[in-house]
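Student: 3D, please:
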Amino acid sequence: MGKKSEIEKQLELLIQGNENEVVEFKEAKNNFDFRKLGKYFSALCNEANLNEQSSAWLVFGIRDKDKKVVGSEYRNNSVKTEGLSFLTLASLYPKMLKK
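Tutor: Numbering: from 1, shown residues only. Here you go, the predicted structure:
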């Protein structure tokens, strides 16, 4: 196997640990409730800020109970992911994004 990317190394570190205030695993095989997603983003960001952490992680494709990597097809390309970022911001801060 070739050299691991930085994201692969980070994922391994996250899986070795446990879920906590700034790390959350979700199986999300094909879909995830958008309202819950916004709440998770908000909670994780708030906790990272309160704990003076530079980042928080919501990791799809990891089964909660045993941290097995099961993969996810949810928003599996950059166009869908970028759209998700905008939609999340729009739901959390609707007045800021109104024209």
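Student: list the buried ones in the lengthiest helix in the chain?
Tutor: As assigned by DSSP state H, the longest helix anywhere in the chain is helix 34-50. Using 16 or more other CB atoms under 10 Å as the test for burial, helix 34-50 gives 37, 38, 40, 41, 44, 45, 47, 48. Yep, even glycine has a C-beta here, placed from its N, CA and C like the rest.
Student: In PDB, list the C-alpha atoms belonging to the helix or strand that comes right after that helix.
Tutor: Using DSSP states H and E, the helix or strand that follows helix 34-50 in sequence is strand 57-60. Below are the C-alpha coordinates for strand 57-60, written out as PDB (Å, rounded to 0.1, in the frame of the first residue of the first chain):
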ATOM      1  CA  TRP A  57     -15.100  16.600  13.100                       C
ATOM      2  CA  LEU A  58     -18.400  15.200  11.900                       C
ATOM      3  CA  VAL A  59     -17.300  12.000  10.100                       C
ATOM      4  CA  PHE A  60     -19.700  10.100   7.800                       C
END
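Student: For strand 57-60, enumerate the helices and strands it packs against.
Tutor: helix 6-16, strand 23-26, helix 34-50 (3 or more CB pairs under 8 Å, 6 or more residues apart in numbering; DSSP states H and E).
Student: Dump those into CSV; add distance to residue 62 and mean pLDDT as well.
Tutor: Putting the helices and strands packed on strand 57-60 into CSV (distance: least, CB to CB, whole Å; pLDDT from 0 to 100) gives the following:
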stretch, distance to residue 62, mean pLDDT
helix 6-16, 7, 90
strand 23-26, 4, 90
helix 34-50, 14, 86
